[in-house]
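In: A structural model of the following input is requested.
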Amino acid sequence: MAERERVRQQASGALSPFATRMLALAEKNPKDPLTPDALVWTVVYTLKRDEFKKAVEIIMSDHLKSPRIARICTAMIESDYPDAEKNLKIILDKNSARDVRAYACLALGLYYKAGSEQRGFADAEEKAKKAEEFLARVVDQYGNVAIGDTTMSEAVKPALHELRFLAIGKAAPDIEGEDSDGKKFKLSDYRGKVVVLEFWASW
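Out: Just a heads-up that it's a prediction; the model follows:
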C-alpha cells in the first residue's frame with residue numbers, strides 16, 4: 001500500500017494541474033457522459049485535498065451508479081480519505097457494475113487489513129476478521145476481474161495468506177531444516193517450548 005501510494009504521488013506531481021482542469025470541466029458539464037471519467041482523473045491524480053474531496057462528493061451524489069468509477073475505490077484508501085469506509089460500503093451496495101463492486105470489495109478488505117495492523121487498537125482483531133471476509137469475497141465473487149496485468153484473485157492471495165496464516169497470534173507455519181550438526185528437524189518438534197528462529201543465507 002505504501003509503495004502504491006508513493007508511485008501515485010510521483011505521478012500526481014506531474015498530472016495534478018490537469019486534474020484541476022478535469023474537475024473544472026466536470027463541474028461545468030455535469031451531465032456529459034465523460035464527466036465521471038474527469039472526476040475519477042481528479043481523484044486519482046490531484047494533490048489537493050479539497051479537490052479530491054470535491055470530486056469524490058460529486059461522484060457519490062451524482063454518479064454513484066456509473067460503471068466508470070472503479071478506480072476511486074482504491075484511491076480513497078491509498079489517500080487515507082476519512083469517509084472511505086462509508087463510501088466504499090455505499091458503492092458496494094448501490095453500484096451494479098461487477099468491476100466497480102470488485103474494486104470496492106478489494107478496497108474494503110485492504111482498508112480493514114491496514115487497520116488490523118495497528119496494534120494497540122482494541123478492534124484490531126475484529127478488523128482482521130473483516131479484512132479476511134472481504135478479501136475472501138473478492139476471490140469467490142470477483143476472482144477473474146482484471147486489475148492491472150493480473151486478476152483480483154491473484155492480487156489478493158498474498159494479503160489473504162498473511163491474514164490466515166502469518167498474522168500475530170496465528171500458529172507459525174511448520175518449517176524443516178538442518179541444525180549445525182546436519183541433523184534434520186521440524187519446528188513442530190519444539191511445540192510448547194520457547195524458540196528463537198534466525199534466518200540467514202549465503203551465496
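In: Quick check: which element contains the residue nearest the centre of the chain?
Out: Residue closest to the average C-alpha location in the chain (Cα atoms, centre = their mean): Leu110, at 3.6 Å. Here Leu110, judged by DSSP states H and E, is contained in helix 98-116.
In: helices or strands up against that helix?
Out: helix 70-78, helix 84-94, helix 124-142, strand 146-147, helix 152-161 (3 or more Cβ pairs under 8 Å, 6 or more residues apart in numbering; DSSP states H and E). Using the backbone N, CA and C atoms, a C-beta is placed for each residue, glycine as well.
In: got a list of contacts for the shortest one?
Out: So the one you mean is strand 146-147. 99, 102-103, 106, 152, 155 (Cβ atoms under 8 Å, 6 or more residues apart in numbering).
In: The longest one now?
Out: If you take Cβ under 8 Å, 6+ apart as the criterion, helix 124-142 is touched by 98-99, 101-102, 105-106, 108-113, 115-118, 121, 152-153, 156-157, 159-160, 163-164, 167, 169.
In: what angle do it and helix 98-116 make?
Out: 160 degrees (axes from the mean of the first three to the mean of the last three Cα atoms, to 10 degrees).
In: farthest residue from the center of this structure?
Out: Asp181 (45.0 Å).
In: quick one: secondary structure of that residue?
Out: Three-state assignment for Asp181 (DSSP: H, G, I helix; E, B strand; the rest coil): coil.
In: mind checking how far it is from Arg191?
Out: 21 Å (Cβ to Cβ, to the nearest Å).
In: now swap in Pro173 and tell me
Out: Counting by Cβ to Cβ - Pro173 and Arg191 are separated by 13 Å.
In: Then Tyr103?
Out: 42 Å.
In: Looking at the two, which one has more neighbours?
Out: Tyr103 (27 against 11; other Cβ atoms under 10 Å).
In: my guess is that one contacts Cys73, does it?
Out: Yes. Contact criterion Cβ atoms under 8 Å: Tyr103 and Cys73 qualify, at 4.0 Å.
In: which pair in the contacts of strand 146-147 spans the largest distance?
Out: Asp99 and Ala155 (13.1 Å; Cβ to Cβ).
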